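# Predicted model follows, preceded by the sequence.
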Amino acid sequence: AELQLRLDKRSYATGDEIAISIRAPYTGAGLITIERDKVYTQQWFKADSTNSVQHIRVPAGLEGNAYVNVQFVRDMGSAEVYMSPLSYGVVPFSINLDARRMALKVEGPAKIEPGQMLDIKVNADRPGRAVVNAVHEGILKVAPYQTPDPLGF
């Protein structure tokens, strides 16, 4: 039996409450978990109708991407006796990475010649480490290369 899940947003911050719209094939009870490499939090619920909205809070310390997993068991008194008594659904979501973002100010010459030393200054609003890569502009024009987003993985 299929359990349909929909979250109210795609991205959350730690401490936010996730509203999960659940459409089940029967009434019953279930377990909501937030998972990634392990189960970070859980919440039991009971649904007296096939459509319900349940809530669970994003735990502190969770970053990046995670999954809302819902396991749902058919009520013993349900008339849908010819359906599987267990249904489940999983939906991914992302957690805001603003705490990992660092505003950088880079100062250096607009143009340098081959063999010339490049002196640059990198300033940030808080302590951290910066990695600087230099690539010849001609290589970037020839190669079908797109600069990756380090926080987008």
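Yep, that arrived.

# Now do the strands in this protein.
Secondary structure of the chain (DSSP state E): strands at 4-7, 11-12, 17-23, 28-35, 39-47, 51-57, 64-74, 86-95, 104-107, 121-124.

# Of those, give the one that comes closest to Gly138.
The closest of the strands of the chain to Gly138 is strand 104-107. By CB to CB, the value is 21.4 Å. Yep, even glycine has a C-beta here, placed from its N, CA and C like the rest.

# Which among the strands of the chain is found nearest to Ile139?
Checking the strands of the chain against Ile139 by CB to CB gives strand 104-107 as the closest, at 20.1 Å.

# quick one: contacts of the closest one?
120-124, 130 (CB atoms under 8 Å, 6 or more residues apart in numbering).

# cool, and stretch 110-122?
Here stretch 110-122 makes contact (CB under 8 Å, 6+ apart) with 104-109, 130, 132, 134.

# I would like the residues contacting the lowest-mean-pLDDT helix or strand in the chain, please.
Least confident helix or strand, the chain: helix 137-142 with a mean of 80, by mean pLDDT, DSSP states H and E. With CB under 8 Å, 6+ apart as the test, helix 137-142 has contacts from Tyr145.
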